[in-house]
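> Sequence first, then the predicted structure, then my questions.
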Amino acid sequence: MEWTRLKAELLTAGGVRVEGEPIDRFTSSSAAGPGAGGSGSVFFSDGTHRVRLGLNQKSTITLIHQGNGEARLHRGDEIITGRIEEIGLHCPRQAYITVTGSCSFQCRYCPVPSLKGRRKTAGEVVAMIEVVADRIDAISITSGVLSTCEEEEDYICTAILPQLQRFNLPIGVSIYPTERTPGRLHALGIAEVKFNIETATDELFSENCPGLERSAIKKALTDSVPLFGRGHVFSNLIVGLGESDEEIYTCIDELTRAGVVPCLRPLNPVAGLTEEGRPSPERLLRLANYHTLALEREHLDPDQALTMCTACTGCDLAPRRDL
């Protein structure tokens, strides 16, 4: 089976059962987004491509660790040989850190508010990066919202980001933006930004993200492109919240025309959406093909990404890399 179809099916399955040698040093856990608070995940690579696999001992797909990262992925009668990749922090080759592990908002697809995680100090963030500095190429910072978007931005921009310049690595930042966010992050020398539009329509955003404004996120994205450059501004777009394919296409077109690279993120049915299903492999493939064509039409190359999800490619069908 070709990789593209296999990855689509793995993303729909949502997890694998792991057997064989211990995998502790390869295991990643999330403190932000829909994967937060889960049982962890591993990154499997066939040498060219990468997929993030949640750990689920009830899965019908098995990953057998033979030791030292060597692994076999068993799906029915099919066996794919590859490696479990060593992570930096959260994903391979990056220190991807959640600064505030709680959130004052209640987005329906996100478990972070219920986890009530704590806020890291600058010293803690620096210490975490120092541990993995010899195996990373980038630093990525994300965060919940402890009280307000404005207060969170101030904390990230004044307490955290100035302390990270010492590592001389590209830095990507993904936070809830205010009107000031693009300019402040650019002035601090940040390489890339990701402000998540999340849903294909305004109506779905209002339903799933009460208290937040989709129009403000869209403005932050368009304001960021002249500062950071076309192809270095990103936005998650969740697939599976009740939108049609045509609504996804329209949103992709709007983002790419503005110079923004969308990240099509398959729904992880957690938090308030546990009864929902994941999007089918057929739908993920259909949308990924349109996504690829839209990027090509606007001369946007996701392979140029330096940080965050677009550089990792583990959680989505990545245009160019997977197709």
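Okay, I see it.

> Going by C-alpha atoms from here, please, whenever you check contacts or count neighbours.
Will do.

> Just want the phi and psi numbers for Gln304.
Per-residue torsions, Gln304: phi -80, psi 0 (degrees, to the nearest 10).

> Excluding chain neighbours, what is closest to it?
Once flanking residues are discounted, Gln304 sits nearest to Gly231: 7.4 Å by Cα to Cα, 6 or more residues apart in numbering.

> Just want to check the distance between that neighbour and Ala13.
30 Å (Cα to Cα, to the nearest Å).

> More neighbours: those two, which one.
Set Gly231 next to Ala13 and count neighbours by other Cα atoms under 10 Å: Gly231 wins out with 24 against 18.

> Surely that one and Asp301 touch.
Yes - if you go by Cα atoms under 8 Å, Gly231 and Asp301 touch, sitting 6.4 Å apart.

> which residues sit in contact with Ile79?
Arg72, Leu73 (Cα atoms under 8 Å, 6 or more residues apart in numbering).

> pLDDT score assigned to it?
We note a pLDDT of 94 for Ile79 in this prediction.

> Quick check: bridge partners of it?
Counting by DSSP bridges, Ile79 is bridged to His74.

> going forward, begin numbering at 761 instead of 1
I'll keep to 761 as the first residue from here, and by that count the last item is Ile839.

> quick revisit: and the residue nearest to Gln1064, how far from Lys880?
On the measure of Cα to Cα, Gly991 and Lys880 end up 30 Å apart.

> And Ile783, by the same measure?
For Ile783, the distance to Lys880 (Cα to Cα) stands at 26 Å.

> helix or strand for Phe803, which one?
Secondary structure assignment for Phe803, by DSSP states H and E: strand 801-805.

> what's in contact with that strand?
Contact with strand 801-805 is made by 786-789, 810-815, 842-847, 851-852, 1074, as judged by Cα under 8 Å, 6+ apart.

> please redo it, this time with the cut-off set to 7 Å
For strand 801-805, the surrounding residues in contact (Cα atoms under 7 Å, 6 or more residues apart in numbering) are 786-789, 810-815, 842-845, 1074.

> Farthest-apart pair in those, please.
Of all pairs drawn from the contacts of strand 801-805, the greatest distance, 21.2 Å, lies between Ser789 and Gly842 (Cα to Cα).

> Do you have the strands of the stretch 811-960 of the chain handy? List them.
Assigned by DSSP state E, counting those that start in this stretch, the strands in the stretch 811-960 of the chain fall at 822-827, 830-835, 838-844, 850-851, 853-858, 896-902, 931-934, 952-954.

> Tell me which strands the last one pairs with, and in which orientation.
Going back to what we said before, that points to strand 952-954. Note on strand 952-954: by DSSP bridges, its sheet partners are strand 931-934 (parallel), strand 993-999 (parallel).

> mind checking how far that strand is from the chain centre?
From the chain centre to the centre of strand 952-954 is a distance of 12 Å (Cα atoms, centre = their mean, to the nearest Å).
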